[in-house]
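# Please work out how this folds:
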Amino acid sequence: MNYISAVIITKNEEKNIRDCLKSLDFVNEIIIVDAESNDRTIEIAKKFTKKIYVRKWDNYANQKNYGILKAKNNWILSIDADERVSEELKEEILSLDFKKDGYLIPIKNYFLGKWLKYGGQYPDYHLRLFNKLNGRFLLKIKEVHESVYLNSVKIQKLKGTILHYSYPNIFFYFEKFNKYTYLDAVGRFKNNIRPSIYGIFIRPIHRFFKWYILKLGILDGIPGLLFYIFSSFYIFVAEMKLLELYKFNFKVLKWRT
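Numbers count the residues shown, from 1 in each chain. Alright, predicted model coming up:
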């Protein structure tokens, strides 16, 4: 098989990083780019790899691309600290012939004690294994949700999953919620995108109806109900924070979809 470098970005991930790194025992190299953590993240990570680079935070894409530059191998497995490579995915990767330029991996999201299976949450495919000669991370208009741009159409879907333990409790969920809605608003503000009437009043309702009703999120029980309510509320809050950056100047509102 080809040699693989796993790239992880961290910031105060002492509760997650050990289990994440344990799941990467099949890769040839682990690169960690740490954004000046002040907890035990680096101390724990040193037990698994010496290739730890401290870099002042600017955005998700730049942090990950920096890690890719430090990797000695062409094949990159991008994984977050709150994710784990499942045994099925590990075996599947080890059996690959690497004739493609990238592989889409399904993400399985864990929320309040339950794996979300509906509402478009699974399989949630992301390009996480790719040849760095053909791909790199690009930041979208938002400051959040960077994605890999791959200069190729030779992509294959894998069956094994990445297990995503993003929200262990409500408190932690809203910590991230507040951070991400702010970054979302800032990213669009920097790109001169105005808040919209549609985004504030219509899109949150549309999102909930689409995910919870049309895509059967209702089958995920109470955790699913809360997740889809919170996800819809995210749109409203991000839009209001964008409006706040415009000093609550309601004249800037557009009917943007």
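# what's the neighbour count on residue 79?
24 (other CB atoms under 10 Å). In this view, the C-beta of every residue, glycine as well, is placed from N, C-alpha and C.
# What does it show for phi and psi?
With angles defined as degrees, to the nearest 10, residue 79 sits at phi -140, psi 150.
# my guess is it meets residue 5, correct?
No. Judged on CB atoms under 8 Å, residue 79 makes no contact with residue 5 at a distance of 11.1 Å.
# what's the pLDDT at residue 143?
Note on residue 143: pLDDT of 61.
# Sorry, slip of the keys, the one I care about is residue 56.
So, for residue 56, pLDDT stands at 96.
# In contact with it, which residues?
For residue 56, the contact set (CB atoms under 8 Å, 6 or more residues apart in numbering) comprises 35, 36.
# roughly how far apart are it and residue 95?
As judged by CB to CB, to the nearest Å, residue 56 and residue 95 stand 39 Å apart.
# Would you map the strands across this protein?
Assigned by DSSP state E, the chain shows strands spanning 4-10, 29-34, 52-54, 75-78, 83-85, 102-111, 114-115, 124-131, 135-138, 147-150, 155-157, 162-167.
# Show me which helix or strand of the chain is least confident by mean pLDDT.
Lowest by mean pLDDT, DSSP states H and E among the helices and strands of the chain is strand 147-150, with a mean of 87.
# Name every strand pairing with that strand and say which way it goes.
When sheet partners are counted by DSSP bridges, strand 147-150 sits next to strand 135-138 (antiparallel).
# so what's residue 156 closest to, chain neighbours aside?
Among residues not flanking residue 156 along the chain, residue 100 sits closest, at 4.7 Å (CB to CB, 6 or more residues apart in numbering).
# if we can go back for a sec, contacts for the least confident helix or strand of the chain, please.
Contacts for strand 147-150 (CB under 8 Å, 6+ apart): 78, 101-102, 126-128, 130, 134-138, 140.
# make it 7 Å
Strand 147-150 has contacts (CB atoms under 7 Å, 6 or more residues apart in numbering) with 101, 102, 127, 130, 134, 135, 136, 137, 138, 140.
# By residue count, what's the longest helix in this structure?
Longest helix in the chain, counting residues (DSSP state H): helix 221-245.
# Would you pull up how far it lies from the middle of the chain?
17 Å (CA atoms, centre = their mean, to the nearest Å).
# can you check stretch 246-257 too?
28 Å.
# mind listing what's buried in that stretch?
For stretch 246-257, a neighbour-count test (16 or more other CB atoms under 10 Å) marks residue 253 as buried.
# Only alpha carbons, please: show it as CSV.
What follows is stretch 246-257, C-alpha atoms only, in CSV (Å, rounded to 0.1, in the frame of the first residue of the first chain):
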residue,chain,number,x,y,z
TYR,A,246,-23.7,45.7,9.9
LYS,A,247,-24.6,47.6,13.1
PHE,A,248,-28.2,46.4,12.8
ASN,A,249,-28.7,48.5,9.8
PHE,A,250,-31.9,46.9,8.5
LYS,A,251,-31.5,48.8,5.2
VAL,A,252,-28.8,46.3,4.2
LEU,A,253,-31.3,43.4,4.3
LYS,A,254,-31.8,41.6,0.9
TRP,A,255,-34.2,38.8,-0.2
ARG,A,256,-31.2,36.5,-0.7
THR,A,257,-31.7,32.8,-0.7
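# Flag every buried residue along stretch 165-172.
165, 167.
# next one: stretch 181-199
Across stretch 181-199, burial judged by 16+ other CB under 10 Å covers 181-189, 193-196, 198-199.
# and what of stretch 149-157?
Using 16+ other CB under 10 Å as the test for burial, stretch 149-157 gives residue 150.
# Over to stretch 225-244?
Of the residues in stretch 225-244, 227-228, 230-232, 234-239, 241-243 count as buried by neighbour count, 16+ other CB under 10 Å.
# what mean pLDDT would you report for that stretch?
Per-residue scores along stretch 225-244 average to 97.
# For it, give me every contacting residue.
Applying CB under 7 Å, 6+ apart, the contact partners of stretch 225-244 are 111-112, 116, 119, 173, 177, 181-182, 184-185, 188-189, 195, 199-200, 203-204, 207-208, 211-212, 217.
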